[in-house]
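Colleague: requesting a structural model of the entry that follows:
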Amino acid sequence: QVQLVESGGGLVQTGGSLRLSCAASGRTFSMTAMGWFRQGPGKAREFVAGISWKGGSIVYADSVKGRFTISRDNAKNTLYLQINNLEPEDTAVYHCAARTPGFSYFPQVAGAYNYWGQGTQVTVSS
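Modeller: Residues are numbered from 1 along each chain as shown. Sure thing, here's the model as predicted:
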């Protein structure tokens with residue numbers, strides 16, 4: 001069983017930055033493909049970024065390329081999302097998600113992930 005706890009959200013102005021963290025429990029984090037998803041008001045949950053076990057493979061949604069950076073520290077069992085140049089459209093609850101340990105690939109569909117954090121709210125004011 002993997003437990004995920006996000007932190008780092010908040011209220012920022014347009015153009016601001018945040019660093020989201022996702023702390024994972026267990027001993028299998030280094031063998032777990034991870035992703036960040038977000039769900040804005042009245043919107044479906046959408047893929048933001050994904051990262052492979054060791055960070056060698058990373059994919060971003062087109063809407064966040066160049067502004068968001070996903071990374072991981074396997075020694076600390078922690079996943080990160082650096083968010084720069086925030087826009088009002090980025091307002092959402094951000095969730096980290098984990099696949100079943102042993103799967104190296106990170107699909108861009110929420111249904112492929114078995115474990116989810118409770119989410120952290122990011123609100124961008126214009």
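Colleague: near residue 91, how many other residues are there?
Modeller: Per other C-beta atoms under 10 Å, the neighbour tally for residue 91 reads 19. In short, each C-beta sits where N, CA and C put it, glycine included.
Colleague: wait, it touches residue 123, no?
Modeller: Yes - between residue 91 and residue 123 there is a contact under C-beta atoms under 8 Å: 5.2 Å.
Colleague: quick one: pLDDT of the residue positioned nearest the centre of the chain?
Modeller: The centroid of the chain falls nearest to residue 36 when counting by C-alpha atoms, centre = their mean (2.3 Å). We note a pLDDT of 98 for residue 36 in this prediction.
Colleague: how deep is the nearest residue to it once chain neighbours are set aside tucked in, by neighbour count?
Modeller: Ranked by C-beta to C-beta, 6 or more residues apart in numbering and with sequence neighbours excluded, the top spatial neighbour of residue 36 is residue 48, at 4.3 Å. Counted with other C-beta under 10 Å, the neighbours of residue 48 add up to 25.
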